[in-house]
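S.K.: Below: sequence and its predicted model.
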Amino acid sequence: MKTDLHIHTYYSDGVFSPEKIVDTAIDVGLQVIALTDHDNVLSYDVAKNYLKKINNEDKLEVIQGVEINTLYKNYEVHILGYFMDTQNSDFQNLLKIQQQARIKQTKEIITLLAKKEGIKIKFEDIKKQVAEGGSIGRPHIAKAITNAGGTSNVMEAYAKYIHDDSPVYVARKTVSPHDAVEIIYDAGGVPVIAHPHDLDIAEPLIKELMSFGLRGIEAYHRKHSPACVEYFSSMAEELGLIVTGGSDFHAPNIMNGQIILGKNFVPEWVYDKLIQEKKQIDMA
């Protein structure tokens, strides 16, 4: 099964609609995809309904996924979840807390930008960049700063304003990775730590999160070198965890116009292991 288990849509910081993701996935020969928007699960039903409408359900399987942004000891830790019951009340509450934190952070940054830098942007200018009910975040703030003439490009907006040392930046008050893992697991989902190469505390944290229900490591990721893939795959094997992977697709590569959806090599057995893991959780 040609698989990509980490994809974003315009319900968070991706640029494509769920429908466009489905069309693209079929075009590049993917058979299984997971939509893993940050802190919301709205794209899944849109993609499933579209797949039914175009009568292509036999060509592509769409998995219910999510990526929860958490903070731990000044580290940003992302937790992926697969196959959870999205109607579970604790899971719904988790998403609600995360959305409120995003709105609060954004409004505080807007206030500081106006007060300290004279850059005036409206909350609506940020909100309209995502689909209705989607997750606003730093990329959208950076774009709004640029659109308002505060910087000449988005990279400059990040460099000047979107980081901990900036006088206008406010950190988001998110849940802990421990809570995210536990809630996903209790909702019948498979919790996985995303792109662990970002964390120099990856190994101790992974071991800690296992007691909260962590079941996998995203070893295959477009930023992971072959040595990195090997390192995290070996760690997963040692700890009895599954391995997952995906492109972490947000947008086509601007430099060469390439669509990198599914370009990240994920072995066929990854999908089977994920399905097995879900069955084990359901039987527990």
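M.R.: In hand now; what should we look at? Residues are numbered from 1 along each chain as shown.

S.K.: what residue ranges in this structure score low on pLDDT?
M.R.: For the chain, the stretches with pLDDT under 70 are 254-259, 262.

S.K.: could you pull out the strands for it?
M.R.: Using DSSP state E, the strands of the chain run over 3-7, 32-35, 61-72, 75-82, 190-193, 216-221, 242-246.

S.K.: Give me the nearest residue to the most centrally placed residue in the chain, chain neighbours excluded.
M.R.: Central residue of the chain (CA atoms, centre = their mean): E67, 3.6 Å from the mean position. Counting by CB to CB, 6 or more residues apart in numbering, E67 lies nearest to T36, which is 4.4 Å off, once chain neighbours are set aside. (Glycine included, C-beta is placed from N, CA and C.)

S.K.: Y220 now?
M.R.: Nearest to Y220 is G245, by CB to CB, 6+ apart, at 2.4 Å.

S.K.: pretty sure M1 is touching V266, no?
M.R.: No: applying CB atoms under 8 Å, one finds M1 not in contact with V266, separated by 9.2 Å.

S.K.: Looking at these two, which has the bigger crowd around it?
M.R.: Higher neighbour count among M1 and V266: V266, with 25 against 14, using other CB atoms under 10 Å.

S.K.: mind checking the backbone torsions on that one?
M.R.: With angles defined as degrees, to the nearest 10, V266 sits at phi -120, psi 120.

S.K.: Show the contacting residues for it.
M.R.: With contact taken as CB atoms under 8 Å, 6 or more residues apart in numbering, V266 is in contact with K2, T3, D4, L5, Y220, T244, G245, G246.

S.K.: What's the separation between the third one and D39?
M.R.: The gap separating D4 from D39 is 20 Å, by CB to CB, to the nearest Å.
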